[in-house]
Structures are given as structure tokens and as C-alpha cells.
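Peer 1: Everything below, folded, please.
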Amino acid sequence: MSIESLLKMTGGNMKLVGDTLENILVQLPSDLKLLNTAFEDSDMKLVSIYAHKMGPNMMLIGRDDIKDLLRKIEVSIDSKKDLESVPMLIQEVTNECPGIIKELSLEVVRIKETLNLSN
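Peer 2: Just a heads-up that it's a prediction; the model follows:
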């Protein structure tokens with residue numbers, strides 16, 4: 001995980017970075033569950049929508065690898081090409097998310113501690 005792009009976007013505002021990471025931390029488990037539920041329900045339109053929704057957050061935390069997987073899911077579904085790869089891609093995203101959540105949790109705590117020390 002890297003917060004470099006987020007730091008640039010916020011002009012180095014650590015409070016805003018922390019709040020943004022905290023929002024992503026709260027949203028990610030829900031988004032992942034919705035993605036998997038849509039897939040289990042064979043609602044490929046919703047799978048594409050949730051994959052699209054999750055991508056920008058992955059970019060913000062420097063996880064372009066996951067953003068790229070989500071984009072492949074979206075493109076495969078929307079173009080109706082290479083659909084057989086979608087289950088594997090969803091599984092890869094699902095497998096990576098616990099580690100991302102752990103990293104986000106640690107980073108949020110680190111930022112909060114840094115902000116408290118500077119006050």
C-alpha cells in the first residue's frame with residue numbers, strides 16, 4: 001500500500017488522508033461483500049458496477065494491481081469477452097482484501113497517533 005497519490009491529492013493534509021483512509025477501511029468490506037454477493041447471484045451487471053466502484057479507492061491507496069483486476073472484471077463483463085476469467089479475478093481481489101484491510105487499519109492508527117503527537 002502507498003499513500004503517495006493521496007498525499008499529493010490532499011496537499012499533504014494528514015488529517016484528510018487519515019479520514020479518507022478510514023472511509024476506505026469502512027467501505028471496503030461492504031463493497032467486497034456486495035461484489036461477491038452479486039457474483040453468487042449471477043448478476044453480472046451488478047458485479048461490473050461494484051468492480052467499477054471499488055477501483056478508485058484502490059488507486060488512492062496505491063494498489064494499482066487490484067485496481068487493474070477490478071478493471072479486467074468490469075471490461076470482461078461489459079464486453080462479454082473472457083467471461084471465464086471473472087471468477088478467478090474476483091477470487092484474487094477477495095484474497096487480497098484482508099491484507100489491504102489490515103494495512104489500512106495500521107496506517108489509520110499511525111496517522112492518528114502522528115496527529116495526536118503534533119497537537
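Peer 1: Now do the contacts for residue 63.
Peer 2: Residue 63 makes contacts with 1, 96, 100, as judged by C-beta atoms under 8 Å, 6 or more residues apart in numbering. Heads up, the C-betas are built off the backbone N, CA and C, glycines and all.
Peer 1: same deal with residue 97?
Peer 2: Residue 97 neighbours (C-beta under 8 Å, 6+ apart): 28-29, 32.
Peer 1: I would like a ChimeraX command selecting only the buried ones among those residues, please.
Peer 2: Of those, the buried ones go into a single ChimeraX selection, burial set by 16 or more other C-beta atoms under 10 Å:
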select :28,32
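Peer 1: Export the contacts of residue 97 to JSON lines and append columns for distance to residue 63.
Peer 2: Putting the contacts of residue 97 into JSON lines (distance: C-beta to C-beta, whole Å) gives the following:
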{"residue": "28", "distance to residue 63": "11"}
{"residue": "29", "distance to residue 63": "15"}
{"residue": "32", "distance to residue 63": "13"}
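Peer 1: Show me which of the contacts of residue 97 is closest to residue 78.
Peer 2: Nearest to residue 78 among the contacts of residue 97 is residue 32, at 20.1 Å by C-beta to C-beta.
Peer 1: just to revisit the earlier point, dump the contacts of residue 97 to CSV, plus distance to residue 6, secondary structure and pLDDT.
Peer 2: What follows is the contacts of residue 97, written out as CSV (distance: C-beta to C-beta, whole Å; DSSP: H, G, I helix; E, B strand; the rest coil; pLDDT from 0 to 100):
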residue, distance to residue 6, secondary structure, pLDDT
28, 15, helix, 97
29, 20, helix, 97
32, 20, helix, 97
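Peer 1: Check this protein for its longest helix and report it.
Peer 2: In terms of residue count, the longest helix belonging to the chain (DSSP state H) is helix 86-118.
Peer 1: correct me, but residue 58 touches residue 66?
Peer 2: Yes. Under the criterion of C-beta atoms under 8 Å, residue 58 makes contact with residue 66 at 4.3 Å.
Peer 1: Looking at those two, which one has more neighbours?
Peer 2: The neighbour comparison of residue 58 against residue 66 (other C-beta atoms under 10 Å) goes to residue 58, with 24 against 20.
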